[in-house]
Every structure is written in C-alpha cells, then in structure tokens.
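When you get a sec, could you give me coordinates for this:
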Amino acid sequence: MPLQTKEHLVDIGDTRLFVAERGNGYPLIILHGGPGLDHHEFGDYLDPLCDQFRLILVDQRAQGKSDTCPESTWTLAQMAKDVVLIAGALNLKKYAVLGHSYGAFVALQNAVDYPRHASQTIVSGAIPSARFLAVVQENLQKLEPENIRLKVIASWDREAHVQTQVEFAELIHDQMPFHFGNPLDPRLAEYEERTKNTIYAPAMLRHFSQNDYGSIEVEDRLQNVTQPVLVCTGKMDRVCIVAAAEAMAKGLPHSELVIFEHSGHMTFVEENGFGA
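The predicted structure follows:
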C-alpha cells in the first residue's frame with residue numbers, strides 16, 4: 001500500500017519550495033542531487049525509514065515543483081541557507097539533514113555556514129573541495145565498455161546546452177551508468193522506472209554546468225561544524241571519490257565514515273538494505 005504523502009509549497013521569504021512529506025518521527029530534511037533534478041531522485045528507496053522518521057523531501061530552489069526565482073539566487077550558498085529557512089518555516093526545533101550528490105554539497109555547505117542549526121548531518125556522495133574532481137576525467141577514460149563511455153562523454157558535453165525536459169531525461173539516461181559501480185548494472189532500468197516522475201530543470205543544469213557546479217570550497221572550514229556528521233561514500237564512486245570522503249571525515253570534529261564496498265555514486269540504490 002503506497003505511503004500517504006503530504007505535498008505542499010513552503011514560503012521561505014523570497015520564494016516557495018515544494019515539499020513532499022512522508023512518515024512520522026524525527027524530522028529528516030532530504031536534499032536531491034543534480035543540479036536540476038527534484039525529490040523523485042530518491043524514488044521510494046527511502047520509504048522504509050518512514051517508521052522512524054518524518055521524511056521531508058525538498059525540491060530545491062527553482063527545481064521540481066518549487067516556484068521559479070531569479071537566477072542570481074541560484075547559488076550553493078543560498079541553497080544552504082534555504083535549509084535553515086525551510087526548517088524555520090516548518091517550525092522544526094530539532095532535525096537532521098541528508099543530502100546526496102549535489103544535495104550533499106548543499107548539506108555540507110549548510111553545516112559549515114550554519115553550525116548548531118541542524119542537530120545531525122548526513123552527506124552521501126560529496127566532496128569538500130572542487131580539487132577532488134580532478135580525477136573525474138581520468139576515471140571517465142577508464143570506463144568500459146567503450147560505447148557507454150562515449151555516451152557518458154557526450155552527455156556531459158550536452159549539459160551546458162540542454163533546453164528541454166526530454167533532452168535532460170535523455171542526458172541522465174546516457175550518463176547514469178557512470179554513477180553505478182557496474183555500468184551494466186541490471187538495476188539501472190529499475191531505478192529509471194522508480195524515478196520516472198522527475199521534473200527536470202534544464203535551466204538550472206545549464207547554469208551550474210557553466211559555473212563549476214557551485215565551486216564548493218569548505219575543506220578549510222570543516223572544523224567549524226559542531227554537529228555529528230555521517231559521511232557516506234561508495235568505494236567505486238568515480239566522481240565523489242573515497243579520498244574526498246576521507247578528507248571530510250578527517251576534517252570534521254564529530255564524524256563517522258561509512259564506505260559502501262559494492263557501490264558507485266548511487267549507494268542508496270546499489271546497497272539498499274531494505275530491498276525492493
């Protein structure tokens with residue numbers, strides 16, 4: 001039986017963010033990746049947590065069903081601030097933040113910029129500095145089979161020019177094998193089916209692909225984070241590599257590092273302990 005979902009727009013001052021809430025218990029603000037995706041990135045993979053947590057799945061600024069807003073506000077710093085604003089708007093006194101991929105960049109930036117706001121932070125597939133992305137091209141050239149490698153390369157080239165939701169969906173389809181430990185993983189088709197309701201934001205992807213994807217640089221500020229941080233990474237992640245997770249865990253005063261041994265970037269799909 002599908003879980004009951006409460007969907008609503010939350011006013012955070014200069015814009016409204018769309019939120020889908022499921023479950024009861026401790027509030028967990030969940031931030032999708034991209035940029036340019038929406039909360040459907042997680043499909044129903046996190047739903048088993050609803051017995052213990054109130055999942056607050058957010059369509060980040062100008063993405064998904066959230067309101068449009070000026071492009072000048074499409075920054076990593078503003079999206080990190082949005083987390084504080086949405087927690088305040090929902091009257092959350094104590095809560096955790098979970099971000100995956102670009103959402104983890106936002107969650108980490110939020111922890112650095114606003115210590116003591118979230119009680120706990122979970123970063124899944126992140127980096128503390130853009131310097132860790134230097135290995136992406138090397139990892140891309142190693143990707144086999146060749147036909148998939150060529151599709152992934154072409155998909156990245158299209159990011160700066162994507163115009164429509166259809167083009168965005170095709171781009172993601174071609175690129176996703178790079179994000180699984182096994183680029184031929186049979187679960188790729190299942191993941192695509194379970195996230196088919198995604199509303200893509202081509203303008204957001206164009207914006208960030210032309211601006212170094214937010215240029216996260218918080219490595220020298222990690223010691224300012226006061227709350228405990230769970231750092232998750234896949235051993236075979238080709239973008240947010242294990243070394244980046246290790247650097248975060250080392251720099252954060254209260255951290256725990258979990259390395260998923262059989263995963264690439266999509267840990268919540270590749271090693272989902274709850275089953276299908």
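
all helices of this structure, in order?
Using DSSP state H, the helices of the chain run over residues 76-89, 102-113, 136-142, 146-159, 165-175, 187-194, 202-209, 242-251, 267-270.

So which elements touch the third one?
On a contact count with 3 or more CB pairs under 8 Å, 6 or more residues apart in numbering; DSSP states H and E, helix 136-142 meets helix 146-159. For every residue, glycine as well, the C-beta is placed using N, CA and C.

what is the orientation angle of the helix it packs on with helix 165-175?
Going by axes from the mean of the first three to the mean of the last three CA atoms, to 10 degrees, helix 146-159 is angled at 140 degrees with respect to helix 165-175.

Out of the helices of the chain, flag the one nearest residue 39.
helix 102-113 (9.6 Å; CB to CB).

who touches that closest one?
Helix 102-113 is contacted from outside by 30-35, 60, 76-77, 79-81, 83-84, 97-99, 117-118, 121-128, 208, 213-214, 216, 218, 221-222, 224-225, 227, 229, 240, 248, using CB atoms under 8 Å, 6 or more residues apart in numbering.

Of the helices of the chain, which stretch is the most buried?
helix 102-113 (a mean of 27; mean count of other CB atoms under 10 Å).

Can you dump the C-alpha atoms of it in CSV for me?
Provided in CSV are the C-alpha atoms of helix 102-113 (Å, rounded to 0.1, in the frame of the first residue of the first chain):
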residue,chain,number,x,y,z
TYR,A,102,24.9,17.9,-5.3
GLY,A,103,22.4,17.8,-2.4
ALA,A,104,25.2,16.6,-0.2
PHE,A,105,27.2,19.7,-1.3
VAL,A,106,24.3,21.8,-0.1
ALA,A,107,24.1,19.8,3.2
LEU,A,108,27.8,20.2,3.8
GLN,A,109,27.8,23.9,3.0
ASN,A,110,24.8,24.3,5.3
ALA,A,111,26.7,22.5,8.2
VAL,A,112,29.7,24.8,7.7
ASP,A,113,27.8,28.1,7.3
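
angle of it against helix 242-251?
Using the same axes, to 10 degrees: helix 102-113 against helix 242-251 is 20 degrees.

dump the residue contacts of the nearest residue to residue 95 once chain neighbours are set aside.
Closest residue in space to residue 95, ignoring its immediate chain neighbours: residue 27 at 4.0 Å, by CB to CB, 6 or more residues apart in numbering. The contact partners of residue 27, taken as CB under 8 Å, 6+ apart, are 53-54, 56, 90, 92, 94-96.

what bridges to residue 27?
Residues in a beta bridge with residue 27, per DSSP bridges, are residue 54.

And it, how far from residue 4?
Residue 27 sits 17 Å away from residue 4, going by CB to CB, to the nearest Å.

try residue 219
Counting by CB to CB, the gap from residue 219 to residue 4 is 41 Å.

the more surrounded of those two?
More crowded of residue 219 and residue 4, by other CB atoms under 10 Å: residue 219, with 18 against 9.

My read is that the more buried one contacts residue 126, right?
No: between residue 219 and residue 126 there is no contact under CB atoms under 8 Å: 11.5 Å.

that older thread, redo the helices of the chain as TSV? Include distance to residue 14.
TSV is the format used below for the helices of the chain (distance: least, CB to CB, whole Å):
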stretch	distance to residue 14
helix 76-89	9
helix 102-113	17
helix 136-142	33
helix 146-159	26
helix 165-175	25
helix 187-194	33
helix 202-209	16
helix 242-251	30
helix 267-270	31
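
Let me have those in a markdown table, adding distance to residue 40 and mean pLDDT as columns.
As requested, those are exported to a markdown table (distance: least, CB to CB, whole Å; pLDDT from 0 to 100):
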| stretch | distance to residue 40 | mean pLDDT |
| --- | --- | --- |
| helix 76-89 | 18 | 98 |
| helix 102-113 | 13 | 98 |
| helix 136-142 | 25 | 94 |
| helix 146-159 | 19 | 96 |
| helix 165-175 | 12 | 97 |
| helix 187-194 | 9 | 97 |
| helix 202-209 | 15 | 95 |
| helix 242-251 | 25 | 98 |
| helix 267-270 | 13 | 98 |
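
Ok, which of the ones you listed comes nearest residue 44?
Per CB to CB, nearest to residue 44 of the helices of the chain: helix 187-194, 6.2 Å.
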